[in-house]
Structure formats: structure tokens, C-alpha cells
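Visitor: Here is my input; please provide its structure:
(one chain, ligands or ions: 1)
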Amino acid sequence: MYTQAAKIIKSSKRCVAFTGAGISVESGIPPFRGENGLWNKYDPQTFDIQYFYSHTKQSWEVIREIFYDLFGKVRPNAAHYGLAELEANNMLSSVITQNVDNLHKDAGSKIVHEFHGSLKNLICLNCRAKYEILEIDLNVLPPVCKKCDGILKPDVIFFGEAIPEPAKTNSFNETRKADCFILIGTTGTVAPANTIPSAAKSNGAKIIEINPYVSEYTRSVTDVFLEEKASIAMEKLMEEIDKL
Ligand code: APR
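Guide: Numbers count the residues shown, from 1 in each chain. Got it, this is the predicted structure:
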């Protein structure tokens, strides 16, 4: 299976990676669903945009606990580094990620389409001014804009919000051009992100999936299923690619 996956990657003209929360689990960030899933512990409605507007302080308190208490304190794992190495060796053209943890960029990936935005930035709901999280003190919630005192929101996509541009257009363009697609650590639960692997498949891409468990994709779009944790599978895959 690993040799087959390595041959697909090595012979592809344009390989794209599509990642979900599972790739960051071994970095210490819990997934949303399944074992230790965040949505087993927290109500997803906290992450609904209407709730954020109507219960801003409560929503911010949960967001800080779920995301910012870890953000910047965890490191990429071998799976993130493996994708960055494939890109550096011209075997991967980009990463499309649903994750907002910035770990692909921390690992050195240059072209990362952040389909759900990034926790790294905050945006003012009033004047749209942008701040890096390092500029903002989260001891006082909700954080406010230094220019207009407006409420700041993490620059990530809440349930009920539209996917940001240019990430959306770039992601679907990449998907159209890919002849190899590496799916890592996603249940395929949330639209429209979850339509991307099927779109790649219908465009003729070979689909390699890395996940320790079966996902929505395994029986429907996956060509080579590497049933393993991301960091272990990626290390094995890199070894096989080096042998070719
Ligand atoms: N290595 C690889 N995959 C793993 C690992 C691991 N070590 N551990 C768990 N997984 C897999 C799980 O089997 C599951 O398929 O990662 C996936 C995690 O699924 P979700 O938590 O649903 O994450 P994701 O698919 O990225 O969720 C999509 O839902 O809540 C929204 O906006 C949020 O972007 C997120 C979206």
C-alpha cells in the first residue's frame, strides 16, 4: 500500500494535500469528532456565528479555552513536516486545510489554503481592521479594536459563515488541476469543505487517504487507504518515496 501510494505521488504532475483535524492530533490538538472529540465536551453552537453575536463574551470564553489556550504552544508533527518536505521537493503543489491551527505554515509549507481561516488573526466586526493574536490580550474578553473599540472575532469561519476568498477559489482551482490528492485526518462531515475530495475524484485524481479509522471517503473516493496515524503513515510514505 505504501509503495503504491509512493508511486502515485512520484508519478503525479500535480499533487495536492487536503487535511483535517486528525493531522494535528499527534501535536496535541484534539479532533472535533470521535475519540476525545471537542464536540463531545463542548456545544458546537458556541461556534455558530449568530450565537457569537448574541452571546459574545460566553462564546469568546469557550473559544479561548478550546483554541487559544493551546494556540502557539503546540508544534507541527512528522505529518506536517512531511507535507512541507514534499512541497520543497516539488512533489506537492499546495495544502488545502480545514484546520485553523497554523501548523502547516509552522512546519514550513509555503502554499496553504486555509479553507476555514486561521486563529493567527483577529478581525474587527465594526471597521474590519485585522490584528495578529500576539498583539491582543485575551485576559479581557471580548477583545476590542484599538482603532474603533469594535468587538474582535477570530478570523476563522464559524458555522453559518461563508468560506473566505481567495481560499475558496484557490482550493477549488487546485482541486480541478490535481491528478493526486492526499487526504489526511478528516471525517468529511462539514460542507462545503467535504465536497473537495469527491470533486478531485471526479476530475480523475488518484486519492490517497491517511486515517487510523474509516471515514466518509474510504469506501467512496479513496484509492489507497493507509490505515494509520498521520505522523507514522507520513514517515513510512516518505521512506517509500525516497526508495523510488
Ligand atoms: N492521524 C490521522 N487522522 C486522525 C488521527 C491521527 N492521529 N486521529 C484521529 N484522526 C481522524 C479521525 O479518524 C477523524 O476522521 O481525524 C478525523 C477528525 O475528524 P473531525 O474531528 O471531524 O475533523 P475534521 O474532519 O477536520 O472536521 C471538519 O468540522 O467542526 C468543524 O470547522 C471544523 O474544520 C472542522 C470541520
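
Visitor: C-alpha from now on. contacts and neighbour counts both.
Guide: Fine.

Visitor: who's in contact with stretch 46-60?
Guide: 45, 62-63, 141-142, 158-161 (Cα atoms under 8 Å, 6 or more residues apart in numbering).

Visitor: quick check, residue 71 in a helix?
Guide: No. Per DSSP: H, G, I helix; E, B strand; the rest coil, residue 71 lies outside any helix segment and is coil.

Visitor: Spatially nearest residue to it (excluding sequence neighbours)?
Guide: Once flanking residues are discounted, residue 71 sits nearest to residue 101: 6.6 Å by Cα to Cα, 6 or more residues apart in numbering.

Visitor: got it, and residue 106?
Guide: Leaving aside its sequence neighbours, residue 106 sits nearest to residue 76 (Cα to Cα, 6+ apart; 6.7 Å).

Visitor: Pull up the gap between the one you found and residue 83, please.
Guide: Noted for residue 76: a distance of 11 Å to residue 83, by Cα to Cα, to the nearest Å.

Visitor: if you count what's nearby, which of the two comes out ahead?
Guide: With neighbours defined as other Cα atoms under 10 Å, residue 76 and residue 83 compare such that residue 83 has more, 25 against 22.

Visitor: Tell me who's in contact with the more buried one.
Guide: With Cα under 8 Å, 6+ apart, residue 83 has these contacts: 17, 92, 95, 109.

Visitor: what does residue 206 give?
Guide: With contact taken as Cα under 8 Å, 6+ apart, residue 206 is in contact with 8, 179-181, 222-223.

Visitor: Go through the residues you listed and flag which are in strands.
Guide: For the contacts of residue 206, the ones inside strands are 180-181, with DSSP state E as the criterion.

Visitor: Compare the contacts of residue 206 and tell me which has the most neighbours.
Guide: Most neighbours among the contacts of residue 206, by other Cα under 10 Å: residue 181, with 30 neighbours.
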